[in-house]
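K.L.:
Let me see the structure of the following:
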Amino acid sequence: MPEKNPIPERLKEARSKAGISQRSLGILVGFDPASASSRMNHYEKGRHVPDIDTLRRMAAELNVPLNYFFCDDQTTAELALLISRMTEEERNTLIEALKCSSGIKHADKK
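P.N.:
Below is the predicted model of the structure:
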């Protein structure tokens with residue numbers, strides 16, 4: 001049995017949280033206004049899968065990282081959102097903390 005595609009669920013969730021209609025998001029990412037709502041509906045229902053460039057534009061408009069759309073579960077999706085909003089310094093600190101807590105040593109610390 002094929003695994004469920006997470007894109008439709010993540011797309012609908014991000015769009016709803018942003019308070020944007022399907023039509024508005026479609027227009028914002030460059031779709032023709034006459035077909036914008038229909039195309040977005042097809043993506044959210046899983047009938048079609050947007051190409052990577054379209055996903056990038058959607059991510060930018062919805063203020064989510066591209067990898068958010070590929071998260072298989074809510075916890076991972078939430079982590080992706082939180083991490084994307086961190087500064088580079090905060091991300092590096094988090095990486096080091098996670099390495100320490102999991103017993104992974106930094107490559108130059110032999």
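K.L.:
middle-most residue in the protein, spatially?
P.N.:
Nearest to the geometric centre of the chain sits Tyr68, at 2.2 Å (Cα atoms, centre = their mean).
K.L.:
Pull the number of nearby residues for the residue nearest to it when sequence neighbours are not counted.
P.N.:
In space, Tyr68 comes closest to Ala80 once its chain neighbours are excluded; the distance is 4.7 Å by Cβ to Cβ, 6 or more residues apart in numbering. (C-beta placed from N, C-alpha, C; glycine too.) For Ala80, the count of nearby residues is 19 (other Cβ atoms under 10 Å).
K.L.:
isn't Ala80 right next to Asp72, touching?
P.N.:
No. Ala80 is beyond contact range of Asp72, at 11.1 Å (criterion: Cβ atoms under 8 Å).
K.L.:
distance between the longest helix anywhere in the chain and the chain's centre?
P.N.:
As assigned by DSSP state H, the longest helix anywhere in the chain is helix 88-102. In terms of Cα atoms, centre = their mean, to the nearest Å, the centre of helix 88-102 is found 21 Å from the chain centre.
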